[in-house]
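Visitor: Need the 3D shape of this:
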Amino acid sequence: MISTFFGLEIARRALFANRALINVTSHNVANANTEGYSRQEGLVVTTLPMSLPSIGIVGTGAQLSYIRRVRSEFLDIQYRDENRIKGYWDELKNSLEEIEYILGEPSINGLSSVIDSFWNSWQELSTNPESMSVRGSLKEQAQSLVSFLAHIRSELLLQREQLNKALEIQVNTINDIATQIGALNEEIKKAYIRGQSPNDLLDKRDLLLDKLSELVNFDVRINEVGEAIINIRDHLLVGINNTVYRMTVSSGKILWEDGIDVYLESERGKLSSIIYIRDDIVGIANDMGYQYETGYLSVIDRLSAVIYERVNELHRSGYGLDNSTGIDFFTIIDTNKGVNATNIKINDLISQDLNKIASATNSDVPGDGSNALKIARIREEFLIDGSFTVGDYWKNQVSMLGIISQRAKLLSENQKTLVDAISSRREEISGVSIDEEVINMIKYQQAFSAASRILTTLDEMLSILIERTGVVGR
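Guide: Numbers count the residues shown, from 1 in each chain. Prediction:
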């Protein structure tokens, strides 16, 4: 026999279920513009039915089973994979633009023009070797060349220092994100153990994983109690029970706290990009001068060394107006260092006495400018790798930088388009649509009103039964 109050219980459950659905809708609307928020849905299921003799199975109403967040794990993985690549090319593009600005090429005021002006001054001296004004002009052009080379090298060294600072900042950011994820893991685990689904906490953790993906390559798996275990290759970043393994920067290298090198996958994340730009594009700082071809610090030092050595070689063999000979045109500033762009200057003897500029091949021939002509023709000599003149070598290096920069810009734009497309797809699935939520709100409101009406009707039926039954005829 069905209880008289059976219908009231069904109506009550309907009221509670639809009220809960309205609360979920309110939460969605409130977080429509919250970064990383995933739309939530309340799943309503029928309650356990009753089995009655002679009647059969009778429904007992509905209840809110759980609230789930609408999220695509596949799109999350895809987004993070592509976001790592985007982070790499974005960082590379921005840094290359700064290096291009430092080199100042192509430009009428760039190093190419300064080098050409230096050779032209020697050419002019060869036609008028006795002119003090021409000699003075040569000195000024040589000083401009030395200063320009030193300026470029100093700016590249400053860029390297800034990249080291950027490296430390990004490593600290990774450590902070890992710490936050570890703390969220603990809260999520507690909720999982209680049988709850901590949707908002999961959203916060996924947002942190999205941000982490821009910085470094990593793998993540979720264990049975909801903890996110993060590995960078074979080393843990975040483990179970809020265990976080922090990174540190020592002598420009990224290490784990236990001293092991951090593995950075090529072309994945900003950290990888910073290391590549610093060591391969800017280059290794070496006060002893050119050692091997790595980065533009070595390029500028090699260029400086070739000019320094070849000009000095020819200048030592020539004669000045005062018959002086065997004098270097350039000298080293600090003898404890090698020939590099910031460690060369015009010989003090020449700066103090322009007569000592060796324009002549023979002594006692004041009008002889043949040695100056030899120095001017250095511009035509294949002094670098047997196939490049000084000017061609520099132009080739600048062109290579332009090609790398153009590629970085193109790939950065392509990755942005790809990441934006994946992000849009994620937003279509997980994002909050105000129009859709308003429709849901009206639907749940009407269902709530209908349940209220059922409750009122049952109440009136019970009132008749209780108050009027058995009083007929009195």
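
Visitor: which residue ranges form the helices in the stretch 51-200 of the chain?
Guide: Counting by DSSP state H, counting those that start in this stretch, the stretch 51-200 of the chain has helices at residues 73-103, 111-127, 132-193, 199-213.

Visitor: how far does the third one sit from the chain's center?
Guide: The one in question is helix 132-193. Offset of helix 132-193 from its chain centre (Cα atoms, centre = their mean, to the nearest Å): 13 Å.

Visitor: ok, A450 - how many residues close by?
Guide: Using other Cβ atoms under 10 Å, A450 has 14 neighbouring residues. Where you see a C-beta, it was placed from the backbone N, CA and C, and this is true even at glycine.

Visitor: Please apply the same query to the one 4 residues further on.
Guide: Residues within reach of I454, counting by other Cβ under 10 Å, total 17.

Visitor: ok so it is a helix residue?
Guide: Yes. With DSSP: H, G, I helix; E, B strand; the rest coil as the criterion, I454 is part of a helix.

Visitor: Test my guess that it contacts R13.
Guide: No. Applying Cβ atoms under 8 Å, one finds I454 not in contact with R13, separated by 10.9 Å.

Visitor: re the thing from before, make JSON lines from the helices of the stretch 51-200 of the chain and add distance to H27 to it.
Guide: Compiled in JSON lines, the helices of the stretch 51-200 of the chain are given as follows (distance: least, Cβ to Cβ, whole Å):
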{"stretch": "helix 73-103", "distance to H27": "21"}
{"stretch": "helix 111-127", "distance to H27": "61"}
{"stretch": "helix 132-193", "distance to H27": "16"}
{"stretch": "helix 199-213", "distance to H27": "9"}
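
Visitor: which residues does the residue nearest to L167 when sequence neighbours are not counted contact?
Guide: Of all residues not flanking L167 in the chain, I274 sits nearest, at 5.1 Å (Cβ to Cβ, 6 or more residues apart in numbering). Counting by Cβ atoms under 8 Å, 6 or more residues apart in numbering, I274 touches E91, S95, L163, A166, L167, Q170.

Visitor: The strand or helix carrying I274 vs helix 73-103, what angle?
Guide: Counting by DSSP states H and E, the element that carries I274 is helix 269-276. Per axes from the mean of the first three to the mean of the last three Cα atoms, to 10 degrees, the angle that helix 269-276 makes with helix 73-103 is 30 degrees.

Visitor: Rounded mean pLDDT for helix 269-276, please.
Guide: The average pLDDT for helix 269-276 rounds to 94.

Visitor: What of stretch 121-139?
Guide: 94.

Visitor: Just give the strands next to the worst-scoring helix or strand of the chain on mean pLDDT in its sheet, each with its orientation.
Guide: Least confident helix or strand of the chain, by mean pLDDT, DSSP states H and E, is strand 50-52 with a mean of 81. As defined by DSSP bridges, the strand partners of strand 50-52 come to strand 56-58 (antiparallel).

Visitor: what comes up buried for the strand it pairs with?
Guide: Within strand 56-58, no residue counts as buried by 16 or more other Cβ atoms under 10 Å.

Visitor: residues making contact with that strand?
Guide: Around strand 56-58, the neighbours that count as contacts under Cβ under 8 Å, 6+ apart are I2, P49, M50, S51, L52.

Visitor: is it true that the second one touches T60?
Guide: Going back to what we said before, that points to P49. Yes. If you go by Cβ under 8 Å, P49 and T60 touch, sitting 5.8 Å apart.

Visitor: Which of these two has more residues huddled nearby?
Guide: For P49 and T60, the more surrounded residue by other Cβ under 10 Å is T60, and the numbers stand at 15 against 12.

Visitor: Quick check, that one in contact with V45.
Guide: No. Using Cβ under 8 Å, T60 makes no contact with V45, being 11.6 Å away.

Visitor: what about T456, distance to L8?
Guide: Noted for T456: a distance of 11 Å to L8, by Cβ to Cβ, to the nearest Å.

Visitor: Compare those two and say which is more crowded by neighbours.
Guide: Taking other Cβ under 10 Å, T456 and L8 do not tie; L8 has more neighbours (16 against 11).

Visitor: can I assume that one is in contact with E460?
Guide: No. If you go by Cβ under 8 Å, L8 and E460 don't touch, sitting 11.8 Å apart.

Visitor: what residues are shared contacts of T456 and L8?
Guide: Joint contacts of T456 and L8 (Cβ under 8 Å, 6+ apart) do not exist.

Visitor: dump the residue contacts of the nearest residue to I422 once chain neighbours are set aside.
Guide: Leaving aside its sequence neighbours, I422 sits nearest to Y79 (Cβ to Cβ, 6+ apart; 4.8 Å). By Cβ under 8 Å, 6+ apart, the contact list for Y79 reads D210, S213, V419, I422, S423, R426.

Visitor: Just the closest of those residues to I439, please.
Guide: R426 (21.9 Å; Cβ to Cβ).

Visitor: Find the residue closest to that closest one in space, skipping its chain neighbours.
Guide: Nearest to R426 is L75, by Cβ to Cβ, 6+ apart, at 4.8 Å.
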